[in-house]
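S.K.: Here is my input; please provide its structure:
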Amino acid sequence: MKPRHAPPLTALRAFEAAARSLSFQKAATQLFVTPAAVSHQVKRLEAYLGTELFERGHRTVTLTPQGAALAASLTEIFGMLDRALDRSASAEPGHLRVSTLESFAAKWLAPRLHRFHEAHPDIQVRVLTSDQLVDVGQENVDVAIRYGLGTYPGVQVEKLMDAPVFPVCAPGTSRKDGKPIASPADMAHVAFIHDQSAEGRPGVPDWAAWLRAVGLHGVSADAGLVFPSIYLAQEAAIHGHGVALGLAPLVEEDLRQGRLVRPVEPHLPNAYAFWTIRPSKGRHHAATDAFCNWIHAEASASLPSV
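M.R.: Model prediction:
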């Protein structure tokens, strides 16, 4: 028998969530991604299997017979996996798995995590960072930290901190003509650095919104370097390639260490914030409570002034 390539597990998870709700939008909310990401993963699975799993209408989707059969099997399989992971996790009460974004892990969590270890040396924290879909209700994750609107059904959600947005750049960064950046008006003459991941997120400020807010009309906000994540955009700013829009929690340490400065003061509120998320059932133990109490205390103590 000719061996198959390994099945796309991320696509299977996306399909199962979409099949359970018959909605790419609801599946995206559950998995903390966009509907387009869910759609992409489902199409990937259909290509792998060589068959359609959904019949797509104008604003609805229904399962094909093949899709219904696969969904029933996956629901059972993921349920068995979830229960097995629950048993494994509960057998190691001193181990904690924390899922978060790479940017948050690198820029905010890593510089502080040693303090949690000092306070709780008996708890081993494993930080998981990935752009893959994560379902904290089914995967072996004790705590997730996410950046979004906080509308995550079926889980315990608590706001960690707000994420106001303001311009940041390396010390000495100047206008394109070499003159210093001294006022918001000077921002019409700088090299912009863009975070592509902010696109399509209502309420998340981009350069066009910031320029409107400070009254700089007629200035093109489209030119400049474009990066797929806020982490890379801020790293480009650190290396002097222009001015980026920084999220306050993610630039706090770089501002403190002098790797970044705020060339002008105006900031914009952000509809998105950082949240701690826990499964609504199972895997609740003292280590989880200790970590959540610690990280919320850290967030309260480190809120930057804007």
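
S.K.: where does the protein have low pLDDT?
M.R.: 1-7, 82-94, 130-139, 281-284, 303-306 (pLDDT under 70).

S.K.: Mind telling me what element residue 176 is part of?
M.R.: Using DSSP states H and E, residue 176 maps to neither a helix nor a strand.

S.K.: Make 21 the starting number, not 1.
M.R.: Done: numbering now begins at 21, and the last item shifts to residue 196.

S.K.: which residues touch it?
M.R.: Taking Cβ atoms under 8 Å, 6 or more residues apart in numbering, we find residue 196 in contact with 209, 210, 211. C-beta: built from backbone N, CA, C; applies to glycine.

S.K.: Could you verify that residue 116 is part of a strand?
M.R.: Yes: counting by DSSP: H, G, I helix; E, B strand; the rest coil, residue 116 is part of a strand.

S.K.: That one: neighbour count?
M.R.: Residue 116 has 23 neighbouring residues, counting by other Cβ atoms under 10 Å.

S.K.: bridging residues for it?
M.R.: residue 145 (DSSP bridges).

S.K.: does residue 137 really touch residue 145, like I thought?
M.R.: Yes: applying Cβ atoms under 8 Å, one finds residue 137 in contact with residue 145, separated by 7.3 Å.

S.K.: Looking at those two, which one has more neighbours?
M.R.: Shown here are residue 137 and residue 145; by other Cβ under 10 Å, residue 145 has more neighbours (17 against 12).

S.K.: Pull out the buried positions in stretch 235-250.
M.R.: Counting neighbours by 16 or more other Cβ atoms under 10 Å, one finds that the buried residues in stretch 235-250 are 236, 239, 241, 244, 247, 249, 250.

S.K.: Among those residues, name the ones in strands.
M.R.: residue 247 (DSSP state E).

S.K.: Among the buried residues of stretch 235-250, which pair sits farthest apart?
M.R.: Using Cβ to Cβ, those span at most 25.7 Å, a distance reached by 236 and 249.

S.K.: I'd say residue 294 and residue 269 touch.
M.R.: Yes: counting by Cβ under 8 Å, residue 269 is a contact partner of residue 294 at 6.3 Å.

S.K.: intersection of neighbour lists for the two?
M.R.: Shared contacts of residue 294 and residue 269 (Cβ under 8 Å, 6+ apart): 124, 181, 183, 319.

S.K.: of those residues, closest to residue 168?
M.R.: residue 183 (10.2 Å).

S.K.: Tell me how far that closest one lies from residue 271.
M.R.: Separation of residue 183 from residue 271 (Cβ to Cβ, to the nearest Å): 10 Å.

S.K.: Those two: which is more packed in?
M.R.: A direct count of neighbours by other Cβ under 10 Å for residue 183 and residue 271 places residue 271 higher, at 26 against 19.

S.K.: Is the more buried one inside a helix or a strand, and which specific one?
M.R.: Going by DSSP H and E, residue 271 is part of helix 268-277.

S.K.: On the three-state scheme, the residue lying closest to residue 188 once chain neighbours are set aside is what?
M.R.: Using Cβ to Cβ, 6 or more residues apart in numbering and skipping residues adjacent in sequence, the residue nearest residue 188 is residue 266, 3.8 Å away. Three-state secondary structure (criterion: three-state DSSP) places residue 266 in strand.

S.K.: give the contact list for residue 266.
M.R.: 185, 186, 187, 188, 250, 254, 257, 280.
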